[in-house]
Each structure stands twice: as structure tokens, then as C-alpha cells.
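**Student:** fold the following, please.
(one chain, ligands or ions: 1)
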Amino acid sequence: MSLACSVPRSCSRCGSTGNEFPRHRLVKGDGLSSWCKPCWRSYRQQLWTSRPETKQANYERLRRWNKDHPAALRARSKAWACRNLPKVLAKNGKRRAAKIGATPLWANVSAINEIYELAALRTRLSGVKHVVDHDVPLIHENVCGLHCEFNLRVITDAENSSKGNRFTVQ
Ligand SMILES: [Zn+2]
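**Tutor:** Below you'll find the model as predicted:
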């Protein structure tokens, strides 16, 4: 046990003690940087804004690399999509609805996103694939459903497939 543990660590840049310290691979001992997180953030931001050409060069290098490694890029996108499935599905639903102008101005985007998150959660908890369904279909010969929180519900994928695009007009 070293004594340093009981003494609050203070940032060598701003002197504050309350902040978190990031890990730094070059630091010996406890491996923590002597600068606090907010200091690193402002330092990096400063670098970015003071050297726009570096930003541009990095961006172009990244773009070139992505172009030369399409498989790696696809894998990375896929991994991201797997981690953020509700976001992806919400975006797909939004795009589909936007295409036919079915999202009303008053639709509550965060409520809609929550419904997609609920579907992902139920899938994870039950092991049965759940999807978000438009109760009134978006595209149908007699009706036109809206992409909004009141027309969305979470059902199993099996229910969804058996439902198809059937809708009874009452
Ligand atoms: Zn600091």
C-alpha cells in the first residue's frame, strides 16, 4: 500500500482534484495520466481547431483506408449495428415511413425509439425474435397507417409474418 492512495490526485494541468484521470499507456506506476479527463478533452479540442489541416488529412486517410478495406469496414459496420440494433431498426422504420410521408409532425421520436428498444429487449429476454409492427399498415390499398407511437406495437416475428399486410377495414 502506498501513501499516495489516500491523497486525492490533483491534475498537473488545472490543479483540480475532483475529476477522473484517464489511463495512459506510457505512465509507470498506477498507469494514470497526470492530466484529468476534462483537461485532455480541452487539449484535444484545441489541437483539432488549431490545426484544421490535420483534421482534414486524418479524415482523408480514414476514408482511403476504408476504401481499401471494404471487408473490414463492412465487419465494423455490422458489429456496430449488432450493438445498436434498436437504433438501426428505428432508423429503417423511419426511412420506410419517410419515403411515403407517413410520419406526422407530432410523432414523438423518443417514444418511437423506445418501442424499438422494447422489441430488442423482449427478444433478448425471451430468446424469441420480436419486431415492431405498424398496427395499421403503412402501405395498404384501403388505409394508410402512420409512423407514430400510437400505431406501433411489439409483436413476435412469427405473429408479424402470419399477419402479413392483412388489415380489416371496419
Ligand atoms: Zn485538469
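
**Student:** assign residue 47 to helix, strand or coil.
**Tutor:** With DSSP: H, G, I helix; E, B strand; the rest coil as the basis, the three-state label of residue 47 is helix.

**Student:** tell me how many other residues crowd the residue nearest to it when sequence neighbours are not counted.
**Tutor:** Counting by C-beta to C-beta, 6 or more residues apart in numbering, residue 47 lies nearest to residue 54, which is 7.4 Å off, once chain neighbours are set aside. Where you see a C-beta, it was placed from the backbone N, CA and C, and this is true even at glycine. Using other C-beta atoms under 10 Å, residue 54 is surrounded by 11 other residues.

**Student:** what about residue 54, distance to the ion?
**Tutor:** Shown here: residue 54 relative to the ion, a distance of 23 Å by C-beta to the ion, to the nearest Å.

**Student:** so that residue is in which element?
**Tutor:** The secondary structure element spanning residue 54 is helix 52-68 (assigned by DSSP states H and E).

**Student:** relative to the whole chain's centre, how far out is that helix?
**Tutor:** Its chain's C-alpha centre lies 23 Å from the corresponding centre of helix 52-68 when counted by C-alpha atoms, centre = their mean, to the nearest Å.

**Student:** mind listing the residues bridging to residue 131?
**Tutor:** Applying DSSP bridges to residue 131 yields these beta-bridge partners: residue 155.

**Student:** contacting residues around it?
**Tutor:** Taking C-beta atoms under 8 Å, 6 or more residues apart in numbering as the definition of contact, the neighbours of residue 131 are 89, 119, 154, 155, 156, 157, 160.

**Student:** now do the end-to-end distance for stretch 60-75.
**Tutor:** According to C-alpha to C-alpha, to the nearest Å, stretch 60-75 extends 20 Å from its N-terminal end residue to its C-terminal end residue.

**Student:** stretch 138-154 now?
**Tutor:** End-to-end distance (C-alpha to C-alpha), stretch 138-154: 16 Å.

**Student:** just the mean pLDDT for that stretch, thanks.
**Tutor:** For stretch 138-154, the mean per-residue pLDDT is 84.

**Student:** contacts for it, please.
**Tutor:** Looking at stretch 138-154 with C-beta under 8 Å, 6+ apart, the contacting residues turn out to be 93-94, 96-98, 100, 102-104, 106-108, 111-112, 115, 118-119, 122, 130-137, 165, 167, 169.

**Student:** repeat that with 6 Å
**Tutor:** For stretch 138-154, the external contacting residues (C-beta atoms under 6 Å, 6 or more residues apart in numbering) are 97, 102-104, 107-108, 111-112, 115, 118-119, 130, 132-137, 167, 169.
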